[in-house]
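In: sequence and predicted model, in that order:
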Amino acid sequence: MDLDLQTKILRALQEREIQPVGSEIVVKVNLRLITASSKDIIDEIREGNFRKELFYRINSFPIFLPPLKDRGDDIILLAEYFLSKYCEENYNFIPPPYFTKKAKEKLLSYSWEGNVRELQNVMENLSISCKEGVLITEDQLRFYPIEKEKLTKDKEKISLKSIAEKAEMEAIKTCLEKHNWNKAKVIEELETTYPTLDKKINKYGLDRE
């Protein structure tokens, strides 16, 4: 919300009156305000994006709604509800498909970055591709996480072992190319043995085929 608009809303809440655009008449109001945000308001205040005075005015009774991934078994209840809803609305599948135990475990372990909207989308897709009363396996649950690539990169671990293996692979590859895969010369230069060289070539997939 724009900071200027925040000031106007704060004034309206504090004085309990508003002045319509283009009017000189001040109107008294009696209202109950319910606000919601997907952002951390405390962080927004610290960054200067939200007025502290307005926060104190509206933060009378805060209710925290956890993201879908933290809702536990609610995920299964919501999934079954949405699946039944879409099956009945679109194809009148009675009874709707059911989830296997492994499918439920997959639903519970997924990150659900799109929250309930993403769950709805997955269930609507299932209502189209599945038949009534069948069991839905974990392989039939298809997710499309936008942050998948980013999360995968963030989780990659760098260890001394991986660094050493990468350096070893590059050294062997360079030497093989230098001597046109003449193993005798490679062994001589790298001061190793035939069995060791063959083992490393297989390990790193350096066969020239």
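Out: Done, it's in.
In: for the top helix by length along the chain, buried residues please.
Out: If you go by DSSP state H, the chain has its longest helix at helix 160-178. For helix 160-178, a neighbour-count test (16 or more other C-beta atoms under 10 Å) marks 169, 172, 175-176 as buried. Every C-beta, even on glycine, is put in place using the N, C-alpha and C of the backbone.
In: and those residues, which is closest to residue 99?
Out: Closest approach to residue 99 among the buried residues of helix 160-178 (C-beta to C-beta): residue 169, at 43.9 Å.
In: that closest one against residue 205, yeah?
Out: No: using C-beta atoms under 8 Å, residue 169 makes no contact with residue 205, being 9.0 Å away.
In: pLDDT wise, what is the spatially most central residue of the chain at?
Out: Among the residues of the chain, residue 113 comes closest to the average C-alpha position under C-alpha atoms, centre = their mean, at 3.2 Å. We have a pLDDT of 89 for residue 113.
In: sec struct for it, please.
Out: coil (DSSP: H, G, I helix; E, B strand; the rest coil).
In: and it, how far from residue 101?
Out: 24 Å (C-beta to C-beta, to the nearest Å).
In: circling back: among the buried residues of helix 160-178, which one sits closest to residue 192?
Out: Nearest member of the buried residues of helix 160-178 to residue 192, counting by C-beta to C-beta, is residue 172, at 9.0 Å.
In: now do the contacts for that closest one.
Out: 186, 190, 197, 200-201, 204, 206 (C-beta atoms under 8 Å, 6 or more residues apart in numbering).
In: again, only using 7 Å
Out: 200, 204, 206 (C-beta atoms under 7 Å, 6 or more residues apart in numbering).
In: leaving out sequence neighbours, find the closest residue to the first one.
Out: I take that to be residue 200. residue 172 (5.6 Å; C-beta to C-beta, 6 or more residues apart in numbering).
In: and of the contacts of residue 172, the nearest to residue 137?
Out: residue 204 (36.6 Å).
In: count of neighbours near the closest one?
Out: Using other C-beta atoms under 10 Å, residue 204 is surrounded by 15 other residues.
In: check the gap between the residue nearest to it when sequence neighbours are not counted and residue 202 for me.
Out: Take residue 204 and drop its neighbours on the chain: the residue closest to it by C-beta to C-beta, 6+ apart is residue 169, 4.4 Å away. According to C-beta to C-beta, residue 169 and residue 202 sit 12 Å apart.
In: kindly report the same for residue 161.
Out: Taking C-beta to C-beta, one finds residue 161 at 18 Å from residue 202.
In: kindly report the same for residue 42.
Out: 56 Å.
In: just residue 84 next, same as before
Out: Counting by C-beta to C-beta, the gap from residue 84 to residue 202 is 53 Å.
In: which residue ranges of the protein form strands?
Out: Using DSSP state E, the strands of the chain run over 17-18, 27-28, 98-99, 135-136.
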